[in-house]
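J.: Build the 3D model from these lines:
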Amino acid sequence: MKAIVFDRFGGPEVLHQTDVEVPSPGPGQVRVRVKAAGVNALDGKKRSGMLEALYPTTFPAVPGGELAGVVDALGEGVTDVRVGDEVLGWSDTGAYAEYALATLVAPKPAGLAWQDAAALPVASETAGRVLDLLGLAAGETVLMHGASGAVGTLAVQLATARGARVIATASPSNQDYLISLGATATVYGEGLVERVRALAPEGVDAVFDLAGKGALEDSLTLRGGTERIVTIADFRAPQLGITFSQGPPQASRASLAAVAQDAAAGRLSTAVTAYPLDQAAKAQQVSDAGHVRGKLVLTVG
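T.: Predicted coordinates for the structure are as follows:
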């Protein structure tokens, strides 16, 4: 099968397409004929070697943690999925490939496009997990730093669905996009504390940092301490006494299926930019640069 691999750490240029063996599912796994694979910032961090202490790499490595596709083989003990089922979920073996193994998958609704399905697993699980950690409730105000990406796109919608008010930061070009999702938008950078205080004179109840670019100090000022601040992007968090939230995924098959149904019904929107599999290096280059609107996805087959 065709797959994107890297056999040394480095920039996107270390990614290349090659032929590798088709994997066989083990107990509890299914094999999926991949139709689309999500591209995440984590993929680039692993490729660069930045996270080797947390995620040890065996070369050659296939990137990609989420997929959408058709089940074509079952491992021992699998009873809730059948060959031919259309699914979305998390890849155990790397999703930048024609076939991948997975343990946690959910049904893909017929009306949901492959690339939109592949945009959901990581972003929806991360957004939901952090909102739960923050204990966000109706009537509260949450500040989201860098909210125009894949996780932010869903986090804004999930927070407003809870009845919360979202103040979200992004670049000037993404202000209208955030407003369309239901947020009160503002630009990041110098003067952010004053801008947020003008938008929320009563203060913010919680902070969700998706940017990882120096926003924690402003967050501490706005919250008056470390309580109810969570980051998924700034590795300095422990030094500041702030919660850093990371995987493994805590979602269930049922919760992912519900998110997929909401997306198929138009209750949850995604914004996807798709690249063919052989342009994975380009997609990761765009991801590494930041300022992505919505989700980057690779289409396969």
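
J.: Over to the residue nearest the centre of the chain. Which of the three states is it?
T.: Geometric centre of the chain, nearest residue: residue 123, 3.2 Å, by CA atoms, centre = their mean. Following DSSP: H, G, I helix; E, B strand; the rest coil, residue 123 is assigned to helix.

J.: Where do the helices of this structure begin and end?
T.: Listed in chain order, the helices of the chain (DSSP state H) span residues 41-48, 114-118, 121-134, 150-161, 175-181, 192-199, 216-223, 237-240, 253-264, 280-289.

J.: And the third one, what does it pack against?
T.: In this structure, helix 121-134 packs against strand 30-39, strand 66-74, strand 86-91, helix 150-161, strand 206-209, strand 229-231, helix 253-264, with contacts taken as 3 or more CB pairs under 8 Å, 6 or more residues apart in numbering; DSSP states H and E. Where C-beta positions appear, they are placed from N, C-alpha and C, glycine not excepted.

J.: 7 Å - rerun?
T.: strand 86-91, helix 150-161, strand 206-209, strand 229-231, helix 253-264 (3 or more CB pairs under 7 Å, 6 or more residues apart in numbering; DSSP states H and E).

J.: buried set for it?
T.: 121-131, 134 (16 or more other CB atoms under 10 Å).

J.: ok, now stretch 9-29?
T.: Residues 12, 15, 20, 23, 25, 29 are the ones in stretch 9-29 that count as buried (16+ other CB under 10 Å).

J.: what's the answer for stretch 265-284, then?
T.: Applying 16+ other CB under 10 Å to stretch 265-284 flags 268, 270-272, 274-275, 277, 279-281, 283-284 as buried.

J.: closest to residue 90 among the residues you listed?
T.: Set against residue 90, the nearest of these by CB to CB is residue 270 (17.1 Å).

J.: If I look at the closest one, what pLDDT would I see?
T.: pLDDT for residue 270: 93.

J.: likewise residue 246?
T.: Residue 246 is given a pLDDT of 84.

J.: now it, nearest residue through space, not along the chain?
T.: residue 232 (6.8 Å; CB to CB, 6 or more residues apart in numbering).

J.: nearest to residue 301, of the buried residues of stretch 265-284?
T.: Nearest to residue 301 among those, with distances taken as CB to CB, is residue 277, at 8.1 Å.

J.: so what's the closest one up against?
T.: 2, 4, 96, 298-300 (CB atoms under 7 Å, 6 or more residues apart in numbering).

J.: Try it again at 8 Å.
T.: Taking CB atoms under 8 Å, 6 or more residues apart in numbering as the contact definition, residue 277 lies against 2, 4, 17, 37, 96, 298-300.

J.: hmm, back to that, surely the residue nearest to the centre of the chain meets residue 147?
T.: No - in this structure, residue 123 is not within contact of residue 147 by CB atoms under 8 Å, at 11.7 Å.
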